[in-house]
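A.B. asks: what follows is a predicted structure for the sequence shown.
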Amino acid sequence: MDEPNEQRQQRIKKLEHLREAGVAPYGTRFEVKDRAGQLIKLHSEKTKGILEQEKISCTFAGRVVALRRFGKAGFAVLQDGSDRLQVYLKKDFLSEQTYKVAEQLDLGDWIGVTGVLFRTKTNEFTVEVHQLTFLSKALRPLPEKWHGLTDVETRYRQRYVDLIANPEVHQIFSTRSRIIAGIRTFLIERGFLEVETPMLHPIPGGAAAKPFVTHHNALGVDLYLRIAPELYLKRLVVGGFPRVFEINRNFRNEGISTIHNPEFTMLEFYVSYADYHDLIVLTEELVSSLAQQILGKTVIDYQGKEIRLTPPWRRWSYHQAILEVNSLDPSIFQDRDKAVMVARLLGVEVDPKWPLFNIVNEIFEETVEPNLQQPTIITDYPIEISPLARRKDSDPTLTDRFELYIAGREIANAFSELNDPLDQRERFEGQAIQREAGDEEAHLVDEDFLRALEYGMPPTAGEGIGIDRLIMLFTNQASIRDVMLFPQLRPEK
RNA sequence: GAGCCGGUAGCUCAGUCGGUAGAGCAUCGCCCUUUUAAGGCGAGGGCCCUGGGUUCGAGUCCCAGCCGGCUCACCA
């Protein structure tokens, strides 16, 4: 806690004055009839004359975010989450006690007002206040009106202040909410059922990542915060829900960066009887229709670059992309020594002891990914890095899988699901070998998941979309912290 | 984990060569009944991130640490 300071003391004194005058500094119910945004939308086009004629009365509440006082009158600006609206407080229009309350107002206080809409001399759309209800006292001063709150650390640690002081931040999180609501609607309209699966997993699975470990006292077992819901959602497909989705948190015990937070929001959905081609089309529809709905366009600006979300997007196979970007010939996919040499030549750091697929994948990530600025569907990933994906009929070394890249980042990962329980068991065993070779993130064998598959899972395609990264794109934010209300920071002090 | 940058009043920031810690906004007092970064006059407010060191003297120089940002590494 900060030490009490001058301004805080001053405000506590005012709070006591309010109490002495019989005004509750922390009041209760207030009947809000209007919202600033709505009033502005409905009436702010009207001329001074028309407003005088119509005498529209209104009642709304908000936080005082600006205060300009003169002798016996003053203007305050109230912010109510929908917008900001100026109110006019004039002694003549208020009871003596109410005017005294108005005189004591501080920036940050919450009040409710009833009054009549009018235009000032300078033609500002304003509420002439006739009744004022004090709602809540702020003891701490708001950041400065002109520069606002810019200190990044304070903005993240005290997001509540950031949201008060920076309307554009408020806007981003409101957009975030509308994007997620839009995704829900999109899926529900297409017959998907929203489900919730465990956050606490006895065996972390469904992704290659380091988990957080926790402990359940009564059961006396260690549990893991989930790294992905995938294996549970597929159990539900086995159970007979042909279209399910979940939007919820994943937790990965890894580094923090502008595109990584230890907890992040993931959408996963599964479609029975479909394959990954169907999901490519579905993803194009989802992303482009969301852009149209939320932003009103499908060609957007992201960090100074034009991104064309308009479908169809480029399709490019994993291997073709590597070859074309680097002008290589396909022999590197067969010959490890050659792959190592090419990696060195391209300035891609690899360990010569790595298996071939690892070296190739490193080349992909270093040379191809950064080039995928426009939406690109990369297809046909190697089987070694796709332990849950269905084998390709035409080439058993590849899988029926794609990833969507936009602005050089992985946005979605999807595949026709592996529903052959015997093949899945072999893949898990292959992962176990990788794990023994030192890959901490290789999958563990999940016997119950295998048992579920043995009951039979229909052919199904599934996809995961990193919601935070999608929101970064839609809100033109460079850092994932700016689309998460409370990004992870080191504890204060 | 490494490199670079930053941390000074509630907020946004100055602070010269090492020589008494500054401004604007906010706050307090007085004036002001249509302002909008309102205005005028006056006042108060500091753990200069923390701990060491150098020095007659450190916000400033040196060392260590803490917190944050960016880049890289890690994260397929």
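C.D. replies: It's in. Numbers count the residues shown, from 1 in each chain, chains lettered A, B, ... in the order given.
A.B. asks: tell me how far A:Thr283 lies from A:Leu267.
C.D. replies: Separation of A:Thr283 from A:Leu267 (Cβ to Cβ, to the nearest Å) stands at 11 Å. For the C-beta atoms, the positions are set from N, CA and C on the backbone; glycine is no exception.
A.B. asks: so what sits against both of those two?
C.D. replies: Residues touching both A:Thr283 and A:Leu267 by Cβ atoms under 8 Å, 6 or more residues apart in numbering: A:Ile465.
A.B. asks: what sits against A:Leu309?
C.D. replies: A:287-288, A:291, A:298-300, A:375, A:406.
A.B. asks: RNA strand B versus that one, what's the distance?
C.D. replies: When distance is defined by Cβ to the nearest atom of the strand, to the nearest Å, A:Leu309 is 23 Å away from RNA strand B.
A.B. asks: hang on, the earlier thing: what's the closest of the contacts of A:Leu309 to A:Asp151?
C.D. replies: A:Ile300 (29.1 Å; Cβ to Cβ).
A.B. asks: the closest one and A:Ile294 touch, don't they?
C.D. replies: No. Look at A:Ile300 against A:Ile294 with Cβ atoms under 8 Å: they stay out of range, at 10.0 Å.
A.B. asks: identify the contacts common to these two.
C.D. replies: In contact with both A:Ile300 and A:Ile294: A:Phe474, using Cβ under 8 Å, 6+ apart.
A.B. asks: nearest to A:Leu142, of the contacts of A:Leu309?
C.D. replies: Using Cβ to Cβ, the contacts of A:Leu309 come closest to A:Leu142 at A:Ile300, 32.7 Å.
A.B. asks: what residue in chain A comes nearest to RNA strand B?
C.D. replies: Residue of chain A nearest RNA strand B, by Cβ to the nearest atom of the strand: A:Gly71 (1.9 Å).
A.B. asks: out of the contacts of A:Leu309, grab the one that's most surrounded.
C.D. replies: Using other Cβ atoms under 10 Å as the neighbour test, the contacts of A:Leu309 are led by A:Val287, with 26 neighbours.
A.B. asks: tell me the gap between the helix ranked longest in chain A and the middle of its chain.
C.D. replies: Ranked by residue count and defined by DSSP state H, the top helix of chain A is helix A:167-189. How far helix A:167-189 lies from its chain's middle: 9 Å, per Cα atoms, centre = their mean, to the nearest Å.
A.B. asks: for the helix or strand just after it, what is the average pLDDT?
C.D. replies: Going down the chain from helix A:167-189, the next helix or strand is strand A:193-194, by DSSP states H and E. In this model, strand A:193-194 has a mean pLDDT of 97.
A.B. asks: what's the answer for stretch A:361-378, then?
C.D. replies: So the average pLDDT for stretch A:361-378 ends up being 93.
A.B. asks: dump it to PDB, restricted to CA.
C.D. replies: Listed next in PDB are the C-alpha coordinates belonging to stretch A:361-378 (Å, rounded to 0.1, in the frame of the first residue of the first chain):
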ATOM      1  CA  ASN A 361      11.100 -27.800 -38.700                       C
ATOM      2  CA  GLU A 362      13.700 -25.400 -37.400                       C
ATOM      3  CA  ILE A 363      14.300 -24.200 -41.000                       C
ATOM      4  CA  PHE A 364      10.600 -23.800 -41.500                       C
ATOM      5  CA  GLU A 365      10.200 -21.700 -38.400                       C
ATOM      6  CA  GLU A 366      13.200 -19.500 -39.000                       C
ATOM      7  CA  THR A 367      12.800 -18.900 -42.800                       C
ATOM      8  CA  VAL A 368       9.100 -19.500 -43.700                       C
ATOM      9  CA  GLU A 369       7.100 -18.300 -40.700                       C
ATOM     10  CA  PRO A 370       8.300 -14.700 -40.700                       C
ATOM     11  CA  ASN A 371       7.300 -14.400 -44.400                       C
ATOM     12  CA  LEU A 372       3.700 -15.400 -43.800                       C
ATOM     13  CA  GLN A 373       2.300 -11.900 -43.300                       C
ATOM     14  CA  GLN A 374      -0.900 -12.400 -45.300                       C
ATOM     15  CA  PRO A 375      -3.200 -15.100 -44.100                       C
ATOM     16  CA  THR A 376      -1.600 -18.400 -45.200                       C
ATOM     17  CA  ILE A 377      -2.700 -22.000 -44.800                       C
ATOM     18  CA  ILE A 378       0.300 -24.300 -44.400                       C
END
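A.B. asks: can you pull the residues of the stretch 251-400 of chain A lying near RNA strand B?
C.D. replies: Applying Cβ under 7 Å from any atom of the strand, one finds that the stretch 251-400 of chain A approaches RNA strand B through A:252, A:254-255, A:257-258, A:260, A:349, A:361-362, A:365, A:385-387.
A.B. asks: which stretches of chain A have low pLDDT?
C.D. replies: Low-confidence segments of chain A, defined by pLDDT under 70: A:1-4.
A.B. asks: tell me the domain boundaries of it?
C.D. replies: Taking automatic domain parsing as the reference, chain A has its domains at A:3-141, A:165-313+A:374-483.
A.B. asks: can you measure across the last one, start residue to end residue?
C.D. replies: Okay, so that is domain A:165-313+A:374-483. With Cα to Cα, to the nearest Å applied, domain A:165-313+A:374-483 spans 16 Å between its terminal residues.
A.B. asks: same question, stretch A:39-54
C.D. replies: End-to-end distance of stretch A:39-54: 14 Å, with Cα to Cα as the criterion.
A.B. asks: in that stretch, what's buried?
C.D. replies: Neighbour-count burial for stretch A:39-54, counted by 16 or more other Cβ atoms under 10 Å, picks out A:39-40, A:43, A:46, A:51.
A.B. asks: out of those residues, which one sits closest to A:Lys353?
C.D. replies: Nearest to A:Lys353 among these: A:Ile40, at 65.3 Å, using Cβ to Cβ.
A.B. asks: helix, strand or coil: sort out that closest one for me.
C.D. replies: The three-state assignment at A:Ile40 reads helix, by DSSP: H, G, I helix; E, B strand; the rest coil.
A.B. asks: residues contacting it?
C.D. replies: A:Ile40 touches A:83, A:85, A:125, counting by Cβ under 8 Å, 6+ apart.
A.B. asks: shouldn't the last one be in contact with A:Val87?
C.D. replies: No. Here A:Phe125 lies out of contact with A:Val87, judged by Cβ under 8 Å, at a distance of 10.7 Å.
A.B. asks: among the contacts of A:Leu309, which ones are in strands?
C.D. replies: A:299-300, A:406 (DSSP state E).
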